[in-house]
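**Q** Dropping a prediction and its sequence here:
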Amino acid sequence: MSDLLTKEEYKAIAAGLSLPSQAFIDGSFRPAKSGRTFDTINPATGVVLAKIAACDKADVDFAVEKARDSFEDGRWSRLHPRERKEILIRLAKLIRQNARELAVLESLDSGKTIFDCETVDLPETINCLIWHAELIDKIYDQVSPASDNHIAMIVREPIGVVGLVLPWNFPLLMMAWKIGPALAAGCSVIVKPAEETSMTALRMAELAMEAGIPAGVLNVVPGAGPEVGEPLGRHMDVDAVSFTGSTETGRRFLRYAAESNLKEVTLEMGGKNPAVVLDDAENLDRVAAHIVNGAFWNMGENCSASSRLIVQKGVKDALLKRIIAHAREWPAGDPLDPVNRVGALVSKAHYDKVCSYLGWGPKILLGGKADAGFVEPTILDVSDRDAAHVREEIFGPVLAVLTVDSFDDAISLANDTEYGLAASIFTANVKRAMRGARSIRAGTVTINAFGEGDISTPFGGFKASGFGGRDNGIHAHDQYTQVKTIWVDLSDDADEAVD
Ligand SMILES: NC(=O)C1=CN([C@@H]2O[C@H](COP(=O)(O)OP(=O)(O)OC[C@H]3O[C@@H](n4cnc5c(N)ncnc54)[C@H](O)[C@@H]3O)[C@@H](O)[C@H]2O)C=CC1
Ligand code: BAL
């Protein structure tokens, strides 16, 4: 906490912020072609922060045209990778210089706590950009084991113009997860921020221009999903879309691609992630801290949140006692007060959705209360394995506890979901830990911890949680490049040439 400011200091920064509101296309800020705007609201207060350009198909078409021009003339795509690296590192440094303001802007627009914005979102955003920048001049192409009469090169090329459709739960960080590898690879991008949280994406575009990213390469087009996301998904001149958000909208992007130009689609979607705690788990206090962090961090507005605790009955009471004690140490309140660990849910609509799961059904062990945008960390003891609280992604600070008799029952219940994004397993038995990790159908399984890995590890889901490529790690590079074979015939005689 030592680097954090006081609530009063954060409020003073908030009062002095200039709030970006226009679309950023071809290197300049501009209003929507229609002139329309929409309100962006501080969910902690209900106050309108700014009127954001409400873009639509006409703005998307213009942004794609400019992105295509920039891609084809090579002003970015054909730079030496070292030059792209240097500019992206400059962008990361500019973000670092402006981190405090960006953290406050993020917190105001999303309801996320300043604590998380300062300690997680901003540092990870910077780290992500640097990681992909540093990677790009160290990736080698390949030569296949062809005969002496041939050379077959397998080269990677930037895929082209890419649509990046973002969620509201980690606005800056998800933008970094996508623009980091896309820009490093040489693509030109159109970012579509979630309508709840457009401002940090627009500020990032301004910093990117200052860092030296050429006009047309990074465009940010704010607006509603059907107005901006759909035309992007259906555009005949967009080569790929990378999306993070709900499974329902993810399915739409597959339809858009199928009904247009069969663009590449990567989908990172929801989860109903299990945390399995077996009777032999060690250090229950530490386990409890991980469970609480997994369930309530970012108000549970996290696709990898541990929203189902699957606990073996021998350890249940002792664990729950500790979980409840830890959860009580997570104060909810003003997101700009750095003592708070639980901020406001992102919007009134989302608050209403989360509240619809409260006040009925399973026994409440903790919380269950909500007021004016804030929901207390809530723990429910659930006996019905088909309850909505167990099946549906609530995306709020609500933890469903399920009790099992055995390891096999725990793993079968962990897999009893349409989703498969993340899971964790807590046990002192290394064989069971590994058997569990291998048996759970999820993109990331952590052992004796809650986590998502880090920037070096691929992130994405199985089943209804994911489709196509992965974010993070070298694997992210695959989303934004395509593989080309260049076959060189070195033979003198025609018979060998057809080999
Ligand atoms: N990281 C994740 O896995 C996220 C999951 N969700 C889940 O989705 C639920 C609903 O949240 P929403 O904000 O409504 O998610 P969403 O999936 O509708 O929104 C994500 C992005 O898709 C865009 N979009 C929405 N409708 C579209 C359409 N018809 N065509 C093209 N683009 C469209 C949105 O404008 C936004 O940029 C949440 O309660 C949560 O369960 C939401 C956000 C992030
Ligand atoms: N947890 C990072 C990815 C997401 O929630 O969308």
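**A** Okay, I see it. Numbering: from 1, shown residues only. Ligands and ions are numbered 1, 2, ... in the order given.

**Q** Name the nearest residue to the closest residue to ligand 2 within the chain, ignoring sequence neighbours.
**A** Residue of the chain nearest ligand 2, by Cβ to the nearest ligand atom: C303 (3.6 Å). Backbone N, C-alpha and C define where each C-beta goes, glycine included. Closest residue in space to C303, ignoring its immediate chain neighbours: G271 at 4.9 Å, by Cβ to Cβ, 6 or more residues apart in numbering.

**Q** do you know how far A318 is from D409?
**A** Here A318 is placed at a distance of 19 Å from D409 (Cβ to Cβ, to the nearest Å).

**Q** re earlier: for the residue of the chain closest to ligand 2, what is the enclosing helix or strand?
**A** Assigning secondary structure by DSSP states H and E places C303 outside every helix and strand.

**Q** can you pull the contacts of P193?
**A** Contacts for P193 were tallied using Cβ atoms under 8 Å, 6 or more residues apart in numbering; they are L166, P171, M175, A201, L202, V220, P222.

**Q** again with R68
**A** Residues near R68 by Cβ under 8 Å, 6+ apart: G160, V161, S188, D237.

**Q** And it, what's its pLDDT?
**A** Note for R68: predicted pLDDT of 99.

**Q** A12 versus that one, what's the distance?
**A** Distance, R68 to A12, using Cβ to Cβ: 44 Å.

**Q** How about R82?
**A** According to Cβ to Cβ, R82 stands 41 Å off from A12.

**Q** and if you look at I154?
**A** According to Cβ to Cβ, I154 stands 55 Å off from A12.

**Q** Tell me which residues of stretch 307-317 come out buried.
**A** Residues S307, R308, L309, I310, V311, Q312, V315, K316 are the ones in stretch 307-317 that count as buried (16 or more other Cβ atoms under 10 Å).

**Q** let me redo that: stretch 118-128
**A** Burial within stretch 118-128, assessed by neighbour count using 16+ other Cβ under 10 Å, is assigned to E118, T119, V120, D121, L122, E124, T125, I126, N127, C128.

**Q** Which pLDDT value belongs to the last one?
**A** According to the predicted model, the pLDDT of C128 comes to 98.

**Q** Which elements pack onto the strand or helix carrying it?
**A** C128 is part of helix 122-136 when elements are defined by DSSP H and E. For helix 122-136, the packing partners by 3 or more Cβ pairs under 8 Å, 6 or more residues apart in numbering; DSSP states H and E come out as helix 81-97, helix 99-110, helix 171-185, helix 476-479.

**Q** Mind doing that once more with 10 Å?
**A** helix 81-97, helix 99-110, helix 171-185, helix 199-211, helix 476-479 (3 or more Cβ pairs under 10 Å, 6 or more residues apart in numbering; DSSP states H and E).

**Q** how many neighbours does the residue nearest to D280 when sequence neighbours are not counted have?
**A** Counting by Cβ to Cβ, 6+ apart, D280 lies nearest to A428, which is 4.8 Å off, once chain neighbours are set aside. Using other Cβ atoms under 10 Å, A428 is surrounded by 13 other residues.

**Q** Contact partners for A428?
**A** L278, D279, D280, A281, E282, N283, N448 (Cβ atoms under 10 Å, 6 or more residues apart in numbering).

**Q** correct me, but the residue of the chain closest to ligand 2 touches G250?
**A** No - using Cβ atoms under 10 Å, C303 is not in contact with G250; the gap is 11.1 Å.

**Q** okay, and the common contacts of these two?
**A** When Cβ under 10 Å, 6+ apart defines a contact, the residues bordering C303 and G250 alike are T244, E268, M269, G270, S465, G466.

**Q** Tell me which two of the residues you listed sit farthest apart.
**A** Taking Cβ to Cβ as the measure, the shared contacts of C303 and G250 span a maximum distance of 10.9 Å, between T244 and S465.

**Q** any residues in contact with both of these two?
**A** With Cβ under 10 Å, 6+ apart as the test, T244 and S465 both reach G250, L267, E268, M269, G270, C303.

**Q** Mind putting those into JSON lines with secondary structure and neighbour count?
**A** Output for the shared contacts of T244 and S465, formatted as JSON lines (DSSP: H, G, I helix; E, B strand; the rest coil; neighbours: other Cβ atoms under 10 Å):
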{"residue": "G250", "secondary structure": "helix", "neighbour count": "23"}
{"residue": "L267", "secondary structure": "strand", "neighbour count": "26"}
{"residue": "E268", "secondary structure": "strand", "neighbour count": "29"}
{"residue": "M269", "secondary structure": "coil", "neighbour count": "25"}
{"residue": "G270", "secondary structure": "coil", "neighbour count": "24"}
{"residue": "C303", "secondary structure": "coil", "neighbour count": "28"}
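
**Q** Format the residues you listed as a markdown table; extra columns: distance to V401 and pLDDT.
**A** Converted to a markdown table, these look like this (distance: Cβ to Cβ, whole Å; pLDDT from 0 to 100):
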| residue | distance to V401 | pLDDT |
| --- | --- | --- |
| G250 | 29 | 98 |
| L267 | 30 | 98 |
| E268 | 27 | 98 |
| M269 | 24 | 98 |
| G270 | 20 | 95 |
| C303 | 20 | 98 |
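
**Q** Tell me which residue is most central in this structure.
**A** The residue lying closest to the centre of the chain (Cα atoms, centre = their mean) is M174, at 4.1 Å.

**Q** Tell me the predicted confidence for that one.
**A** Per-residue pLDDT puts M174 at 98.

**Q** what residues are up against it?
**A** The contact partners of M174, by Cβ under 10 Å, 6+ apart, come to 121, 125, 128, 164-168, 191, 193-194, 197, 201, 242, 244-245, 268, 303, 471.

**Q** Could you pull out the strands in the stretch 201-350 of the chain for me?
**A** For the stretch 201-350 of the chain, strands defined by DSSP state E, counting those that start in this stretch occupy the ranges 218-220, 240-244, 264-268, 273-277, 306-312.

**Q** still on that earlier bit, so which of the shared contacts of C303 and G250 are also by ligand 1?
**A** Applying Cβ under 6 Å from any ligand atom to the shared contacts of C303 and G250, one finds that T244, M269, G270 fall near ligand 1.

**Q** Which residue, other than its chain neighbours, is closest to the last one?
**A** Among residues not flanking G270 along the chain, E393 sits closest, at 4.3 Å (Cβ to Cβ, 6+ apart).

**Q** Wait, a strand at A50?
**A** Yes - the assignment for A50 (DSSP: H, G, I helix; E, B strand; the rest coil) places it in a strand.
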